[in-house]
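# Output the structure for:
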Amino acid sequence: MQWDLITNIILILSIATLGIFAILGLYQWITRKSIKKVDKQIRWMPLPVGLMAIVYLIFDKLLILNTRPNGSGEPSFPSTHAMIVATIFFIVTIILPKYVKSKPLRVVLEILMFAGISLTCTGRVLANMHWPIDVIGSLVFAFVFSEIYYQIIKKKKAKK
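Purely as a prediction, here's the structure:
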């Protein structure tokens with residue numbers, strides 16, 4: 001099985017999902033004539049994305065903890081694929097109830113996102129691109145980024 005290809009496809013799908021929200025945010029910004037009138041859930045999406053970029057730069061350029069099991073010598077901690085997919089799908093799961101009113105459809109989408117995260121994490125190890133600790137670390141980062149995002153969204157909701 002081509003695990004590298006499968007994980008790349010899931011990565012692209014997760015980024016496309018984020019892109020849909022970016023387009024929605026741009027549409028809201030244009031039609032509502034103010035960035036402040038864009039849904040707060042969309043306005044705050046750049047935060048976890050920015051945190052991912054910072055972690056990537058730190059561990060890929062400054063603090064290389066280990067290298068890939070395939071012998072390429074490239075940094076492997078954390079798995080960027082797993083971190084991106086998990087972070088995006090976690091934050092989308094947080095805001096899904098606002099944008100998808102049908103509970104059965106939400107459940108299906110949540111199952112698909114969980115499957116995407118699981119396949120990505122498993123696939124990166126099976127493709128010999130990462131050690132299990134790399135994907136575990138990625139999930140921890142994704143959870144932390146998503147929790148920060150959730151707490152900000154939750155706090156912003158309470159102010160209304």
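# remind me, longest helix of the protein?
Taking DSSP state H as the criterion, the chain has its longest helix at helix 3-32.
# Please point out which parts of that helix sit buried.
3, 6-7, 10-11, 13-14, 17-18, 21, 25, 28-29 (16 or more other C-beta atoms under 10 Å). From N, CA and C alone the C-beta is placed, and that goes for glycine too.
# Which one of those residues is nearest to residue 76?
Residue 76 has its nearest neighbour among the buried residues of helix 3-32 in residue 7, at 13.7 Å by C-beta to C-beta.
# Counting by contacts, list what the host helix or strand of residue 121 packs against.
Residue 121 belongs to helix 103-126 when assigned by DSSP states H and E. Judged by 3 or more C-beta pairs under 8 Å, 6 or more residues apart in numbering; DSSP states H and E, helix 103-126 is in contact with helix 3-32, helix 80-99, helix 132-159.
# which helices and strands does the second one pack with?
Contacts defined by 3+ C-beta pairs under 8 Å, 6+ apart place helix 80-99 against helix 3-32, helix 40-43, helix 46-57, helix 103-126, helix 132-159.
# what separates the fourth one from the chain centre, distance-wise?
Between the centre of helix 103-126 and the centre of its host chain there is 12 Å, according to C-alpha atoms, centre = their mean, to the nearest Å.
# who's sitting farthest from the centroid in the protein?
residue 33 (28.3 Å; C-alpha atoms, centre = their mean).
# residue contacts, it?
Residue 33 makes contact with no residue, according to C-beta atoms under 8 Å, 6 or more residues apart in numbering.
# That one and residue 97: what is the separation?
27 Å (C-beta to C-beta, to the nearest Å).
# circling back: looking at the helices and strands packed on helix 80-99, which is closest to residue 87?
Closest to residue 87 of these, according to C-beta to C-beta: helix 132-159, at 4.2 Å.
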